[in-house]
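Enquirer: Everything below, folded, please.
(one chain, ligands or ions: 1)
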Amino acid sequence: RVASVLCLVALFAVPAPARADNPIVQTIYTADPAPLVHDGRVYLYTGRDEDGSTYFTMREWRVWSSADMVNWTDHGSPMNLSTFSWASADAWAGHTTYRNGKFYWYVPVKNRATGSMAIGVGVSDSPTGPFRDALGRPLVANGEIDPAVFIDDDGQAYLYWGNPRLWYVRLNPDMISYTGNPTQIPLTTAGFGTRTGNPSRPTLYEEAPWVYKRNGLYYMIFAAECCAEFIAYSTAPTPTGPWTYRGTIMPRQGSSFTNHPGIVDFNGGSYFFYHNGALPGGGGFTRSVAVEKFTYNTNGTIPTINMTTA
Ligand code: FUB
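Expert: This next block holds a predicted model:
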């Protein structure tokens with residue numbers, strides 16, 4: 001059904017509604033969901049898996065949106081590797097936020113100059129782009145990935161990222177510079193659980209942090225203990241910790257060795273986004289983004305959320 005609707009887009013050159021069962025997108029492989037609620041719609045920012053036989057082949061990011069979490073509009077690819085002249089490969093997991101009339105899309109890419117991963121920032125006046133390189137250079141370049149941004153009620157913005165370590169930095173109000181040095185969040189077992197193997201990584205934290213605030217409590221959901229990954233979470237009384245491990249959200253399921261979470265509240269419901277290998281031909285390098293509606297437990301904990309299986 002999505003395919004036929006997308007044909008209509010080609011014919012009439014207008015954004016098309018697209019019915020979404022899980023996976024949300026059934027015409028291409030998508031990965032690393034990052035939802036953003038803005039002005040009555042959910043914007044879903046994803047990566048795209050291409051080819052994918054032996055490693056990630058990712059050259060562009062995509063945007064989709066919905067006003068009802070059922071019908072999705074395809075906004076195409078408003079940002080790709082060529083947006084960042086200093087990037088050579090690996091359009092990996094990003095996160096978009098809105099501030100002062102602009103949309104900022106933080107993404108990890110390979111830095112041509114160093115051969116290591118770095119984090120760039122795309123900026124646009126529209127949630128659907130086009131996005132341009134806000135800096136012309138990396139915002140952060142420490143070889144680590146998976147940026148996630150959180151703006152607290154007092155207006156202070158934080159950028160989190162990291163694999164194998166976990167970092168944060170306080171962003172300035174311009175959202176493209178920061179004050180102070182990136183700080184490592186201590187990966188204690190009290191904060192991030194206990195890994196069963198791999199003594200070099202004692203905690204469950206692997207990658208893909210996503211931070212938000214609910215009822216005065218800060219939540220960090222993250223991909224845990226590759227491979228395969230499951231999704232777990234920690235909470236804290238402040239955006240900088242101390243974090244307390246709270247357990248599993250989504251167990252190891254599906255046929256992708258990675259998973260990548262995002263949570264938003266929209267129209268009175270809570271939605272958990274993730275990816276798996278559910279499309280035909282799907283797997284670890286041919287992933288698909290999906291979503292489950294859920295309800296927080298009365299004490300604020302997150303219930304176990306299972307992937308759609310059919
Ligand atoms: O999509 C490439 C990488 O796989 C992401 O950056 C990680 O979060 C994992 O999903």
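Enquirer: CA only for contacts and neighbour counts going forward, please
Expert: Fine.
Enquirer: What are the boundaries of the helices in this protein?
Expert: 2-12, 189-192 (DSSP state H).
Enquirer: ok, how many other residues are close to Gly300?
Expert: Neighbour count of Gly300, defined by other C-alpha atoms under 10 Å: 11.
Enquirer: before we move on, what about Trp61?
Expert: Neighbours of Trp61 using other C-alpha under 10 Å come to 24.
Enquirer: for it, which residues make a bridge with it?
Expert: Gly47, Met79 (DSSP bridges).
Enquirer: so it touches Ser82, yeah?
Expert: No - with contact defined as C-alpha atoms under 8 Å, Trp61 does not reach Ser82; the gap is 11.2 Å.
Enquirer: near the ligand, which residues of this protein?
Expert: Asp32, Trp92, Ala93, Asp146, Glu207, Ala208, Thr258, Asn259, His260 (C-alpha under 6 Å from any ligand atom).
Enquirer: how does it look with 5 Å?
Expert: Trp92, Ala93, Ala208 (C-alpha under 5 Å from any ligand atom).
Enquirer: Narrow these to those in strands?
Expert: The members of these that map onto strands under DSSP state E are Ala208.
Enquirer: Just among the residues of the chain next to the ligand, which is most surrounded?
Expert: Neighbour-wise, the residues of the chain next to the ligand (other C-alpha under 10 Å) top out at Ala208, 29 neighbours.
Enquirer: Let me see the contact set for that one.
Expert: Ala93, Asp146, Pro147, Ala148, Trp161, Gly162, Ile221, Phe222, Ala223, His260, Pro261 (C-alpha atoms under 8 Å, 6 or more residues apart in numbering).
Enquirer: On the pLDDT front, check it for me.
Expert: At Ala208, the pLDDT value in this model is 98.
Enquirer: From Pro33, how far out is it?
Expert: The gap separating Ala208 from Pro33 is 10 Å, by C-alpha to C-alpha, to the nearest Å.
Enquirer: okay, and the common contacts of those two?
Expert: Ala93, His260, Pro261.
Enquirer: for the stretch 1-150 of the chain, what are the low-confidence residue spans?
Expert: By pLDDT under 70, the low-scoring segments of the stretch 1-150 of the chain are 1-20.
Enquirer: Let's see that with 90 instead.
Expert: Across the stretch 1-150 of the chain, the ranges flagged by pLDDT under 90 are 1-21, 51-54.
Enquirer: Closest one of the contacts of Ala208 to Ala87?
Expert: Distances from Ala87 to the contacts of Ala208, taken as C-alpha to C-alpha, are shortest for Ala93 (14.4 Å).
Enquirer: Next, the contact list for that closest one, please.
Expert: Here Ala93 is in contact with Ala31, Asp32, Pro33, Thr46, Gly47, Val107, Pro108, Ile145, Asp146, Pro147, Ala208 (C-alpha under 8 Å, 6+ apart).
Enquirer: Restricted to strands, list the residues you listed.
Expert: Going by DSSP E, the strands hold Ala31, Asp32, Pro33, Thr46, Gly47, Val107, Pro108, Ala208 from the contacts of Ala93.
Enquirer: ok, and the most crowded of the residues you listed?
Expert: Asp32 (31 neighbours).
Enquirer: That one is in contact with Gly94, isn't it?
Expert: Yes - with contacts counted by C-alpha under 8 Å, Asp32 reaches Gly94, the gap being 7.3 Å.
Enquirer: Overlap of the contact sets of these two?
Expert: Contacts common to Asp32 and Gly94, judged by C-alpha under 8 Å, 6+ apart, are Thr46, Gly47.
Enquirer: now the stretch 151-300 of the chain, which segments are flagged as low pLDDT?
Expert: 197-200.
Enquirer: which residues in it form strands?
Expert: Taking DSSP state E, counting those that start in this stretch as the test, the strands found in the stretch 151-300 of the chain are 157-161, 167-171, 178-184, 205-214, 217-224, 230-236, 244-250, 262-266, 269-276, 288-294.
Enquirer: Is it possible to get JSON lines of those strands that adds distance to Ala118?
Expert: Written out in JSON lines, the entries for the strands of the stretch 151-300 of the chain read as follows (distance: least, C-alpha to C-alpha, whole Å):
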{"stretch": "strand 157-161", "distance to Ala118": "10"}
{"stretch": "strand 167-171", "distance to Ala118": "13"}
{"stretch": "strand 178-184", "distance to Ala118": "13"}
{"stretch": "strand 205-214", "distance to Ala118": "15"}
{"stretch": "strand 217-224", "distance to Ala118": "19"}
{"stretch": "strand 230-236", "distance to Ala118": "24"}
{"stretch": "strand 244-250", "distance to Ala118": "28"}
{"stretch": "strand 262-266", "distance to Ala118": "21"}
{"stretch": "strand 269-276", "distance to Ala118": "23"}
{"stretch": "strand 288-294", "distance to Ala118": "24"}
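Enquirer: Determine which of those approaches Gly52 most closely.
Expert: Of the strands of the stretch 151-300 of the chain, nearest to Gly52 by C-alpha to C-alpha is strand 288-294, at 12.6 Å.
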